[in-house]
Structures are given as structure tokens and as C-alpha cells.
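Chemist: would you be able to build a 3D model of this:
(chains A, B, C and D)
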There are 2 protein chains.
Amino acid sequence: MTKLSRGKSARKRPVQEPRPYHHGDLRRALIAAATELLEREGAEALSFRAVARTAGVSQSAPYNHFSGKEDLLATVAEAGFRALATSQAETAAHAHAGEARMIALGLDYIGFAADHPQLYRLMFGVGVADWHAYPHVSEAKHASFAPIRAALAGDFPSTRDAAAIEHAAVAAWGLAHGLAMLRIDGSLARRDAPDQPPAEEAALQLFARGLAHALAGVGKVEKSS
Amino acid sequence: MTKLSRGKSARKRPVQEPRPYHHGDLRRALIAAATELLEREGAEALSFRAVARTAGVSQSAPYNHFSGKEDLLATVAEAGFRALATSQAETAAHAHAGEARMIALGLDYIGFAADHPQLYRLMFGVGVADWHAYPHVSEAKHASFAPIRAALAGDFPSTRDAAAIEHAAVAAWGLAHGLAMLRIDGSLARRDAPDQPPAEEAALQLFARGLAHALAGVGKVEKSS
DNA sequence: TCCGCAATATGAACGCTGATAACATCACTC
DNA sequence: GAGTGATGTTATCAGCGTTCATATTGCGGA
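Modeler: A predicted model of the protein is given here:
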């Protein structure tokens, strides 16, 4: 008795509708609560207990749906990758092929990270010690990478060297990911004029233009060096 | 009494030399202990208390040298950036100018991350909520980026557009950082033949070759699109 | 030489965390 | 209607970051 805290449910529902013992859709509610907490309060504030509180259940109820905190984080990360993949696929579908599509994909990628910085950091961060333990997440990650790869393969169909396409895709993915992280970290300070496009756009343009030349060269020179 | 744990000092120094009350160089020892713990046990195991234990002092002794855990992490990250800057500067000094130097810098960058994955993740990760609170770290970060920028400026001195050089530097940094993170995460799986160079090397080559073309084009076309 | 102070270390304590265990409640099938 | 498994609850544990009062020490000034 004399427990002052925890009067939440009593405050929200004074007398009637005493909240059924079973939540009904707790797993989804926990993922939503975790996602919201992550973006609103930051990664540090995302505790397993806080997620349970936000969902309105006891602190140990989530263990019926997730093996532990890492499992929950991995699930949130997977949802993030799926959202990113959807965004990338839509961008690829609505852009004209060629350099413009590459740049659009890059900007979309960076934009996703900028819109959900905490989520993006979780997706690529330390919260989960070993991603290999969650193959679903790795699969979703590669799905979010697929549009870039597909765009490159579509833009340079004549290139004989399939490996070169793969290397270009890795470079494009790396560039997009790196620029996104630098943007989130604030490392890409506003050094340029306010009316100019952001630095990452110019960097993407430079990359896309150079890539066209380099890939065209690959087929011709055929391993010159 | 009857305290079973904590018998470490008694085990190591049976009777004599009862470890002076004052450590003497605790700050440095704490940084070293944190760095070692980070790489050996991972970021999750790096607790403030564990660092103190490793250094052989009480749990609250570190508060005389760091304002808190975040301060310690930021200091470790700063040391990491300084080490990376040194490595980059040496690589730049020993490589021939041109594409080869760009590739060497990129490989050195990725190699650093691969050699110290946990440290690298800390440097760019969530452990510290707001890096802006630690200007020393930001400064060290940009110092580690300086060799790439300098190499580009040196390799393309004829390029009129100084902004293009800056954009190319951002692209190069982003690419190196992105490839490093993908490598650490295991996202760059071994898909290629075992005797071939790793994917990031091919990606760097592609990028460097394309950059040369794109930067050469910038001066001539002068904002064609 | 000795005093006093600042620097540095100690242990206890607080509230929080992730996790486990024992128990309660409910939906659903036979 | 009994029983059983899924899904909740409370109680409890060790460990965490942090703060506090206290203890120990090195060192500069009388």
C-alpha cells in the first residue's frame, strides 16, 4: 500500500472498462511503442520496461512476445528496413532511368535516415550485438539494398562485367549509407550557401556521373591495370 | 567480511605492496581499460563500473577524472579519431599521388575500422547522445577526414571549382565510411572468389576512376545540366 | 617541521535496468 | 465443465550510473 506511482490506469479509466486482463494484440503494440519511444526519446531512453509502460502492461509481459530486449530491437530494425525498402522501390519506380534515378535513390535513402535518425542508427548500430542471430533482419536489409542494385543493372545493361555492376552497387550503397550517417551525425555542416543544394546531393551527382564513365570504361579496357 | 568476490588484489599481491591509496595515473589507466574492454568484450559490456574494476579502483573513483560514462566514451572516441588521423596521414605520405593514393586512403580507412570494429562503432555510434557537447571529438573527427580532402585537392589542382573538390571529398569520406560500416556489419559477404580482391577495393577503384572523369568534366562543362 | 588544503580515493546508498520465477487469469478444446 | 496452454501479474535478483559523506594522501606555505 501507499504506492503513489502506477495510478495511471486508474486515472485514465476511472471506474468502468477495467482493461481486460489480456491485451489482445500486445506484440504489435509493443513494436509501435518501441518505435515511438525510440524516435521521441532517443535510443538511450528505450528501455524494455519503458516500452511495457507505454503499452500499458506490466514489465514482464513483453517476455511472452520477445525473447528479450535485443529481440525487440531487432524486430524494430527489421520493420525499419522494410519501410526503407518500400521507399526505395517507390522512388525507383517513379524516377527516370539513368543518373537521375541513381541520384533520386540516394536522396531518398539519405532522406529516410534524416527523417528517422534514431531508427536508422538502430538499424546499423550497436543495439544488437550480433545481427547474424536475426536472419530476418539481414534479409530485410538486403531487400532495402535491392533497388539500388536493380537500378544499376538496368542502367548499364550493356556492361559485360557483371562483377563490375555488383561493385558499383556496393559503392553506391556504401556512399548512400555513409552520407546518411554523416548527415545524421551532423558531420555534414552547412558550409555551403543556403540556396545551394545540400552537400550530399552534389556528392551524389559527382558519383553518378563518374560511375557512368567508369562503368563504360570497364567494358572497353577489360582489366587494363 | 565473508565477501567472496573482490579478492583480486589479494590474489595478485599476497602480502606486500598493498597498492597505494592514490593510483597516480588513473585517467590514462581508465582510458586504456575502457579501450581494452571495448574491443575485447564489446560495447554492451563496457560499463563504467567494469572499467573501474579493470583499473583496480573503486566504482566511484573514475568520477574524479570524468564527468560520467559519456565523457569517458567521448574521450575514447577522440583517441580513436586521432589514431585514425595518424594512420590516414601516414598512408597519404607513403602513396603515390592520384587514383592509387585515393584507393590506398580508402583501404586504410576501412582497414582501421575492420581492425577496431567496436571502437569504430563507438566513434560513429549512439553511445554518446550529442557529440556537439564534445567539440574536441568533432575536431578530431575532422582531422581524420583531412587527409582525404588534402589528397583530392592535391590530385586535382587544376580544377577551378573549389566546391567540386569539397563535394568530391564528402563523397569520398561518405564512401569510405559507408564501406567500413558495411564491412563491420558483415553486410559485405564473401560473394566473390577467394583469390579476388575484396568488394570494397573494387568499389574504391570504380569510384576513383569515375571521380577523375567527373572532376575533369566539371571544369569543362561548367554546370551543363 | 608541521599544518592545512586540494586532489583523489573509498564504501554505502538510490533509483533504474534486464531478466527470471512463481503465480493468476483467460480462451479454447474435448 | 475440466484441463491446458497462452498470456498476463507481482516479487525478486544482480548489475548499472550516479551521488554523497568520508577517508587518505601529496604538497605548498607558515
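Chemist: next, the buried residues of the helix or strand that residue A:34 is a member of.
Modeler: Assigned by DSSP states H and E, residue A:34 belongs to helix A:26-41. Residues A:26, A:29, A:30, A:31, A:32, A:33, A:34, A:35, A:37, A:38, A:39 are the ones in helix A:26-41 that count as buried (16 or more other C-beta atoms under 10 Å in any protein chain shown). For every residue, glycine as well, the C-beta is placed using N, CA and C.
Chemist: same question for stretch A:141-153.
Modeler: Buried-residue list, stretch A:141-153, by 16+ other C-beta under 10 Å: A:141, A:143, A:144, A:145, A:147, A:148, A:149, A:151, A:152.
Chemist: near chain B, from the residues you listed?
Modeler: residue A:141 (C-beta under 8 Å from any C-beta of the partner chain).
Chemist: ok so, going back, what is the distance between the helix holding residue A:34 and the centre of its chain?
Modeler: 15 Å (C-alpha atoms, centre = their mean, to the nearest Å).
Chemist: what does stretch A:142-150 give?
Modeler: Using C-alpha atoms, centre = their mean, the offset of stretch A:142-150 from its chain centre is 13 Å.
Chemist: ranges for the helices of chain A?
Modeler: A:8-12, A:26-41, A:48-55, A:69-94, A:99-115, A:117-124, A:135-155, A:162-185, A:199-221 (DSSP state H).
Chemist: mean pLDDT and distance to DNA strand D for those helices - can I get that in JSON lines?
Modeler: Listed next are the helices of chain A as JSON lines, based on pLDDT from 0 to 100; distance: least, C-beta to the nearest atom of the strand, whole Å:
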{"stretch": "helix A:8-12", "mean pLDDT": "35", "distance to DNA strand D": "9"}
{"stretch": "helix A:26-41", "mean pLDDT": "96", "distance to DNA strand D": "3"}
{"stretch": "helix A:48-55", "mean pLDDT": "97", "distance to DNA strand D": "7"}
{"stretch": "helix A:69-94", "mean pLDDT": "97", "distance to DNA strand D": "13"}
{"stretch": "helix A:99-115", "mean pLDDT": "97", "distance to DNA strand D": "27"}
{"stretch": "helix A:117-124", "mean pLDDT": "94", "distance to DNA strand D": "19"}
{"stretch": "helix A:135-155", "mean pLDDT": "94", "distance to DNA strand D": "19"}
{"stretch": "helix A:162-185", "mean pLDDT": "91", "distance to DNA strand D": "21"}
{"stretch": "helix A:199-221", "mean pLDDT": "83", "distance to DNA strand D": "33"}
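Chemist: residue B:111: which of those helices is closest?
Modeler: helix A:162-185 (14.9 Å; C-beta to C-beta).
Chemist: and the buried residues of helix A:26-41, which is closest to residue A:83?
Modeler: Distances from residue A:83 to the buried residues of helix A:26-41, taken by C-beta to C-beta, are shortest for residue A:35, at 10.0 Å.
Chemist: just give the closest residue to the closest one, not the sequence neighbours.
Modeler: Excluding the flanking residues, the one nearest residue A:35 by C-beta to C-beta, 6 or more residues apart in numbering or on different chains is residue A:76, at 5.6 Å.
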